[in-house]
Each structure stands twice: as C-alpha cells, then as structure tokens.
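Engineer: I would like to see how this sequence folds:
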Amino acid sequence: MPVLNERTYLRRAVETVLEQEVDGPVEVVLALGPSSDGTTELARELAAEDARIVLVDNPAADIPVGLNAAIRASSHPTIVRVDAHSELAPGYTERAVATLARTRAGNVGGVMRADGRTPFQRAVARAYNSRIGLGGGAYHGGEREGEAESAYLGVMRRAVIEEVGLFDESIRRGEDWELNLRIRGAGYRVWFDPTLSVTYWPRESWTRLARQFFATGTWRGELVRRYGLSNSLRFFAPPALVLAAVLAVVVGVLQLAVLGPIGLWAVIAYGPVIAYAVLILAVSIGPGGGRGPRDKLWTLAVLPTMHLSWGSGFLVGLARGARNTVDTSRLDGRNTPLP
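Structural biologist: Okay, here's the model as predicted:
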C-alpha cells in the first residue's frame, strides 16, 4: 500500500485488509511517502498495534517506487495491491486468490465502487461508476467475467510480476496499466472478476480533482508515445473533446470578427460541443445525477472537469512527454471537502 497524506482514510483502509480471512500468513506493507498531515505518525501507531504491519520508506513519493519497495520487503507468494483511499469488501482476498487458482491468471482485479460523503464527492463517485465518466473500463462497473486489458489494484502472483520486472519506476501514473501490458505480453492472463469489490473514496475538492486528472491524462499521453495503439481507443475521447472545444472557440471568434455566420464550419465546430453539453445535462439531471439539487449541480460540474482536465493533460503529454509531471492533488496534506 503506497501512502501519502492519507490520515483520514488510512486506519480504515488497513483495518479492511487485516479483516480479510485468508488461509495462511498475512503481512501489510505500507510504503510511506513524506506526508505532512500526520499520516506517518498514524502508520507507526498502527504498526505498534499489530505486528503484521510492516513500514518501508518511499521518500520520493512516487507510487511505482513505493510499490516496488513494498513488494521487495514482503515475503509471500501472492501480492495484493491496496490503495490507502480504498476499503476491501469482506471476502475480497479469499475470492481473488481462488480466482487466481481457477483461471491460472497472472493478475486478478474486480470492480472499483466509488463512494462519497459529501455532495461533491458523491458526484465524483457517480462519474467514476458511470460509463460516461471514465469511458467504460471493465472495473468501472463491468458485469461479465473474463480476460481484461488491466486490473484495478490487482491480486498478483509474485513469481509473475518478478518475471516481468515489477513496476516501471519511470512511470508515475498508469503504472498498473503498463505492468498489465507486460504481464499479457509475457503470455499470462489478466482477469476481471465482478464478484470482487473495492470501495474507493475520490478526491474531496474541485481543485484536487482537476489536478489529479490533468496529471493522469499527461501520463496517458506519455504512454501513447511509448506504446502507441496498445492503448485503448477510449483514451482518445477526452482529447478529442478538448480539440472540439478549442475549434468551437476559434470559430466563434471568427464569427464575431466577420460579423456573420461561417456556414458549414459553424455546424462542424458547434455540433460536437452542443451534443456533449446536452449529454452531460441529461446525465446530471436524470435519475443517476444524484439525490438532490446540490448533487446534480456538482455532477454537472464534475463530469466536464474530469474530461477536460484529462484531455488537456493528454495533449500536453502527447506533445512533449510527461517528463517530471506528478499528481500534486495530495502533496499538501490538507483535505478541504466541498459541501
């Protein structure tokens, strides 16, 4: 479990891991980044309370570096990746290990069930759980078991991930997708099991959400530079939206400049943007938009924030590479939930 500025969520995340019923010994390895909110102190308290908790340092705060440090510090043949912002459902590990054995896969994952405590966080959770929000990946609500492109978090055979070289420490976002690409390239299956469920708590504020998605999009652009069309076509939808919005603005400026319509160009430019706006409005005010007016209003703001931030980051990453881009949405350690 890589950990950085997660004091609000860490204790419950660790508890749901330790509550798993597993036929054999268990250890929980926390890779601690340089937190500023008291997370490290809390982790030490947890380790003092339970000898199964092991602490390792991750001074650079990079997720793949922390994951590799935790894996190297561990000692068992099955690796269960856990996020400090998540909670494992009862029976998760037992079922995942059984699925690994049954399918002979190299990595098994289930469904990310996002949840929220405030209208804003609930709106982000609905976006995560919707095909409109994150493009329909299996682990965002899939119902059919089978081979998959990637796995959320993942329950992995240690021998397999050691064979392919662990996580690529040069990739700061999308490291799980890239690892699964190598697992599949080595001849092993990545398997999706919809009976596996993990609760995920999204970012608590609009600025954190935008920063997270911009960084994630930037690294996806980098992954397209490295691996081309090994990336799913769904990853190209948000940058296409950004380009359509830019075209609409340019055409609008030209219309104002010449004081008249530009005919077919106006239809081509405005059509996709208008269609997108209608879709987002329908989702926001429809049955899936939330429990009340504030939930629906936040859904109306959250969806384009996610799409445009991710798409803008993608274009930056595609044009110049991700370079040293990091997800800064948890670096300051201050949680400022929106109402």
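Engineer: what's the model's confidence in the lengthiest strand in the chain, averaged?
Structural biologist: Looking across the chain with DSSP state E, the single longest strand is strand 190-200. In this model, strand 190-200 has a mean pLDDT of 95.
Engineer: Contact partners for the closest residue to A301 other than its chain neighbours?
Structural biologist: Spatially, and ignoring its direct neighbours in sequence, A301 is nearest to W206 (7.1 Å; CB to CB, 6 or more residues apart in numbering). C-beta: built from backbone N, CA, C; applies to glycine. Shown in contact with W206 (CB atoms under 8 Å, 6 or more residues apart in numbering): 120, 301-302, 305, 338.
Engineer: What is the burial count for A159?
Structural biologist: Applying other CB atoms under 10 Å, we find 10 residues neighbouring A159.
Engineer: mind pulling up the phi and psi values for it?
Structural biologist: phi -60, psi -40 (degrees, to the nearest 10).
Engineer: Next, the contact list for it, please.
Structural biologist: P77.
Engineer: Please read off the pLDDT at it from the model.
Structural biologist: For A159, pLDDT reads 97.
Engineer: And for E178?
Structural biologist: Reported pLDDT for E178: 97.
Engineer: In this structure it contacts L166, no?
Structural biologist: No - contact criterion CB atoms under 8 Å: E178 and L166 do not qualify, at 11.2 Å.
Engineer: Common neighbours of the two, please.
Structural biologist: Joint contacts of E178 and L166 (CB under 8 Å, 6+ apart) do not exist.
Engineer: State the number of residues packed around V253.
Structural biologist: A count of nearby residues for V253, using other CB under 10 Å, gives 10.
Engineer: picking up where we left off before, pick the one among the contacts of W206 closest to L247.
Structural biologist: Sorting the contacts of W206 by distance to L247 puts T305 at the head of the list, at 20.2 Å, by CB to CB.
Engineer: element containing that closest one, please.
Structural biologist: Under the criterion of DSSP states H and E, T305 resides in helix 293-320.
Engineer: What residues sit buried inside that helix?
Structural biologist: 294-303, 305-318 (16 or more other CB atoms under 10 Å).
Engineer: again, but for stretch 83-99
Structural biologist: For stretch 83-99, by 16+ other CB under 10 Å, it's 83-89, 92-93, 95-97, 99.
Engineer: helix, strand or coil for I79?
Structural biologist: strand (DSSP: H, G, I helix; E, B strand; the rest coil).
Engineer: Help me confirm that it comes into contact with I161.
Structural biologist: Yes - counting by CB under 8 Å, I79 does reach I161; the two are 6.6 Å apart.
Engineer: which one of the two has more residues nearby?
Structural biologist: For I79 versus I161, neighbours defined as other CB under 10 Å are more numerous around I161 (24 against 20).
Engineer: Please report how far the more buried one lies from A277.
Structural biologist: As defined by CB to CB, to the nearest Å, I161 lies at a distance of 43 Å from A277.
Engineer: cool, F167 as well?
Structural biologist: 39 Å.
Engineer: Between those two, which is the more surrounded one?
Structural biologist: F167 (22 against 13).
Engineer: Which pLDDT value goes with that one?
Structural biologist: For F167, the predicted pLDDT is 97.
Engineer: How about L300, nearest residue that isn't a chain neighbour?
Structural biologist: S284 (4.0 Å).
Engineer: wait, isn't the one you found in contact with P304?
Structural biologist: No - using CB under 8 Å, S284 is not in contact with P304; the gap is 10.0 Å.
Engineer: What segments of the stretch 201-339 of the chain are helices?
Structural biologist: 206-227, 237-258, 264-285, 293-320 (DSSP state H, counting those that start in this stretch).
Engineer: what would the ones you listed look like in TSV with mean pLDDT and distance to G187?
Structural biologist: Converted to TSV, those look like this (pLDDT from 0 to 100; distance: least, CB to CB, whole Å):
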stretch	mean pLDDT	distance to G187
helix 206-227	96	18
helix 237-258	88	31
helix 264-285	86	40
helix 293-320	94	30
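Engineer: between the ones you listed, which gets nearest to D50?
Structural biologist: Checked against CB to CB, the stretch from the helices of the stretch 201-339 of the chain lying closest is helix 206-227, at 30.3 Å.
Engineer: and that closest one, which residues are buried?
Structural biologist: 206, 208-224, 226.
Engineer: how about V56, what does it touch?
Structural biologist: Counted by CB under 8 Å, 6+ apart, V56 has contacts 29-32, 66, 69-70, 73.
Engineer: go again using 7 Å as the cut-off
Structural biologist: V56 makes contacts with 29, 31, 69-70, 73, as judged by CB atoms under 7 Å, 6 or more residues apart in numbering.
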